[in-house]
Structures are given as structure tokens and as C-alpha cells.
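Enquirer: 3D model of this:
(one chain, ligands or ions: 1)
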Amino acid sequence: MTSGKCRVAVLASGRGSNFRALAERCQDPTFSADVACLITDDRSAPVVAIADAFGIPWHAVPAAERRGRLQAGAEAEIVRICEAAGVGLVVLAGFMRILDGDLLVRYAGRIMNIHPSLLPAFKGLNAPKQAIEYGVRIAGCTVHFVDASLDGGPVILQAAVPVRDGDDVETLRSKIQAEEHRIVARAVDLFATGRLRVEGRRVFGADD
Ligand code: GRF
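Expert: You can find the predicted model right below:
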């Protein structure tokens, strides 16, 4: 364990581009955080191979049959893994299961999520598709603290992405993801260096 650095657990179930971006940023010895572990509900997800490539430990927790849910006891298991690894911050980066129990309590105020829209627009699944279908000209992404609401916790950082005539869901998604990679690392650094202060819905300390 590297002393003085904030140890981050990333929860992810997918491609893992945000996990990779954060792991790469954390390779800088002057960066304020380290990726302590990956926690996934899908041991065949591409993100697992990325963790292996970086030599980052990963843990699989059981998903439930019911879509979007973990099995009973899995959230408590996530808490145990995080506490054993000395984790100070949990980052949800494409974790496709709802958290509504032990982790939210134990890590209250220390869980962030990255969402591919300018919240509160386009909550839930397939936000870039929602943005294209709605016809917005400005899309983007949000890093926010997680509470029990759906994509509803206090906003830490946002980045805007213009929607051009030639964009479709995939081109927009990839432009949004480039911004996600930048702001997720920045949000982790702001948290790890103790610069964020939450008052109600507002998060202070994230001005550039
Ligand atoms: C990202 O678009 C993030 O906003 C959403 O899930 C996606 C994960 O992508 N929550 P990746 O697995 O990090 O590439």
C-alpha cells in the first residue's frame, strides 16, 4: 500500500475504458490516488482483462437473476473487500447493478458515479441514445456523488460535448467517453486531495 495516496475501488461490469483511464493516471507517482482493486459482477467482462494487464487485483461478486440487481449479501461483500483493501473512495464506472444497501451506508459521501449525460437530463440506461433521439445540440457527461436515488446525487464535475449533424449514437458515445476519462480522473484527484465540500446539492471546490 502506497502511503498518503487515496485508495480507490472501481466497480465496473463492461468495456472498462474509464477503469483503464484511471489506472493509467494512477501510474503517475505524483498522482493523489491509487487503484486498489476492481470489483465486478461479470468475470468475463473486458474490464477484467484490463485489471490483469495492470496487475490490479479484482474480485467478482454475484449478480442476481433479476436484471440490474446483485444477489443478497453481495453488497456487504463489496464493503468487506473495500475495507480489507483500505479503500477510501469507490468509483462506479459502468457497474450495471443497483446499490441500495450496505455500501451506500458504509461509504456515504465516498462513492462517485460517471454518467454519460449532462444530468439531470437523460438519467438511466443508454443516455447517448436518449440524447440523439431527443435532438439536443449539447450532450456530455457528469461525475456525481452517489446516494440512493437514480443518477441523482450531488454533481461534482460535468463536461459538454457538441452534437454535430453527422453524429449518431456511436460517434456521440465515443466523444462523451473521451470527456469521461478526463473528468473522472480529475474528480478522483479533487476528492483525494480533500478539496471537495458538499453543502446540500452543491459541491464546492471543483472550479478549474
Ligand atoms: C460509461 O459511459 C459511463 O458513463 C457509464 O458506463 C459506461 C462505462 O464505460 N456509467 P466503460 O466500461 O468505462 O468504457
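Enquirer: Tell me who's in contact with the residue lying closest to residue 89 once chain neighbours are set aside.
Expert: Counting by CB to CB, 6 or more residues apart in numbering, residue 8 is the residue found nearest to residue 89 once chain neighbours are left out, at 4.9 Å. Any C-beta I mention is one placed from the backbone N, CA and C, and that applies to glycine too. Counting by CB atoms under 8 Å, 6 or more residues apart in numbering, residue 8 makes contact with 22, 26, 33-36, 87-91, 188, 192.
Enquirer: Those in strands, which ones?
Expert: The strands, defined by DSSP state E, take in 33, 34, 35, 36, 89, 90, 91 from the contacts of residue 8.
Enquirer: pretty sure the first one contacts residue 7?
Expert: The one in question is residue 33. Yes. Applying CB atoms under 8 Å, one finds residue 33 in contact with residue 7, separated by 7.4 Å.
Enquirer: the more surrounded of those two?
Expert: When residue 33 and residue 7 are compared for neighbours, residue 33 comes out ahead with 22 against 19, by other CB atoms under 10 Å.
Enquirer: that older thread, most neighbours, which of the contacts of residue 8?
Expert: So for the contacts of residue 8 (other CB under 10 Å), the most neighbours sit at residue 91, 28 neighbours.
Enquirer: gap between stretch 12-21 and the chain center?
Expert: In terms of CA atoms, centre = their mean, to the nearest Å, the centre of stretch 12-21 is set 9 Å apart from its chain centre.
Enquirer: So which residues make contact with it?
Expert: Taking CB under 8 Å, 6+ apart as the rule, stretch 12-21 contacts 10, 35, 38-42, 45-51, 54, 91-97, 114, 177, 180-182, 184-185.
Enquirer: overlap between these and the residues near the ligand?
Expert: Counting by CB under 6 Å from any ligand atom, 93, 94, 114, 177, 180 from those sit close to the ligand.
Enquirer: would you list those in CSV and tack on secondary structure, neighbour count and pLDDT?
Expert: Shown next, in CSV, are these (DSSP: H, G, I helix; E, B strand; the rest coil; neighbours: other CB atoms under 10 Å; pLDDT from 0 to 100):
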residue, secondary structure, neighbour count, pLDDT
93, coil, 26, 98
94, coil, 22, 94
114, strand, 25, 98
177, helix, 19, 98
180, helix, 24, 98
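Enquirer: which one of those is nearest the ligand?
Expert: Closest approach to the ligand among these (CB to the nearest ligand atom): residue 94, at 2.7 Å.
Enquirer: Secondary structure class of the residue lying closest to the closest one once chain neighbours are set aside, three-state.
Expert: Distance criterion CB to CB, 6+ apart; nearest residue to residue 94, sequence neighbours excluded, is residue 14 at 4.1 Å. Residue 14 carries the three-state label coil when classified by DSSP: H, G, I helix; E, B strand; the rest coil.
Enquirer: Would you mind listing the buried residues in stretch 123-135?
Expert: 127, 128, 129, 130, 131, 132 (16 or more other CB atoms under 10 Å).
Enquirer: same check, this time on stretch 181-190
Expert: In terms of neighbour count (16+ other CB under 10 Å), stretch 181-190 has its buried residues at 181, 183, 184, 185, 186, 187, 188, 189, 190.
Enquirer: Likewise for stretch 49-57?
Expert: Buried residues in stretch 49-57, counted by 16+ other CB under 10 Å: 50, 51, 54, 56.
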